[in-house]
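Engineer: Next comes the sequence, and after it the predicted model I'd like to discuss.
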Amino acid sequence: MGSDVFDRLVALLNDAKAKFRVIEHEAEGKSEAISAIRGNRPDQAAKAMVLDVRGGGGGRRHVLAILPGNRKLDFNAVATLFEARKCGFASPDTAQELTGCVMGAVPPFALNPDLAVVVEEDLLANETLFFNAGRLDRSMELDTRDWIAAAQPRIARIAARG
């Protein structure tokens, strides 16, 4: 399952002429542990979470929220951004169905048109981003500008403060 996502990511980034490198490592899905293995700061890690946003004017939809690896999500900020009443994590089965990945391996790209992408603006202060690339044993380092061009995220303040 994850190999297909990894191959699609490599093809997408090659087509975009993006500057990236693949990092092979032991299987790991936890942000702090994988940052230590890859040798990046936790705030350089692009942590991707599938959310279920519903109610209000937007109906029900799914959102891929991207945060620095050392930050927590502000669910109310995401709900407000998408004009919804409620925001929570999508079920693991739904997340896996939408992303083609097991939890912890989800890259910061919506390869499924049913996912809207939103990123915490603080993450974009980094020159490069690190993230799991559809598999627990593969990561990528990618130029942040190339990620923005390829992922076309909505940029907002979605991380909890303090």
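Structural biologist: Arrived safely.

Engineer: Verify the stated contact: Leu81 with Glu121.
Structural biologist: No - using Cβ atoms under 8 Å, Leu81 makes no contact with Glu121, being 11.9 Å away. (Each C-beta comes from the backbone N, C-alpha and C, glycine too.)

Engineer: which SS class is Ala105?
Structural biologist: For Ala105, the reduced secondary structure class is coil; criterion used: DSSP: H, G, I helix; E, B strand; the rest coil.

Engineer: where in the protein is pLDDT low?
Structural biologist: Across the chain, residues meeting the criterion (pLDDT under 70) sit at 1-3, 57-58, 162.

Engineer: Where do the helices of it begin and end?
Structural biologist: Read by DSSP state H, the chain holds these helices, from start to end of the chain: 2-15, 31-38, 75-81, 92-99, 144-151.

Engineer: Flag every buried residue along the first one.
Structural biologist: Residues of helix 2-15 classed as buried under the neighbour-count rule (16 or more other Cβ atoms under 10 Å) are 2, 5-6, 8-10, 13.

Engineer: When Leu81 and Glu121 are compared, which one has more neighbours?
Structural biologist: Between Leu81 and Glu121, counting by other Cβ atoms under 10 Å, Leu81 is the more crowded of the two (20 against 13).

Engineer: residue contacts, the more buried one?
Structural biologist: 118, 154, 156, 158 (Cβ atoms under 8 Å, 6 or more residues apart in numbering).

Engineer: Separate out the buried members of the residues you listed.
Structural biologist: The buried subset of the contacts of Leu81 - by 16+ other Cβ under 10 Å - is 118, 156, 158.

Engineer: and the helices of the chain as a markdown table, adding distance to Ile66?
Structural biologist: Written out in a markdown table, the entries for the helices of the chain read as follows (distance: least, Cβ to Cβ, whole Å):
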| stretch | distance to Ile66 |
| --- | --- |
| helix 2-15 | 14 |
| helix 31-38 | 12 |
| helix 75-81 | 11 |
| helix 92-99 | 13 |
| helix 144-151 | 8 |
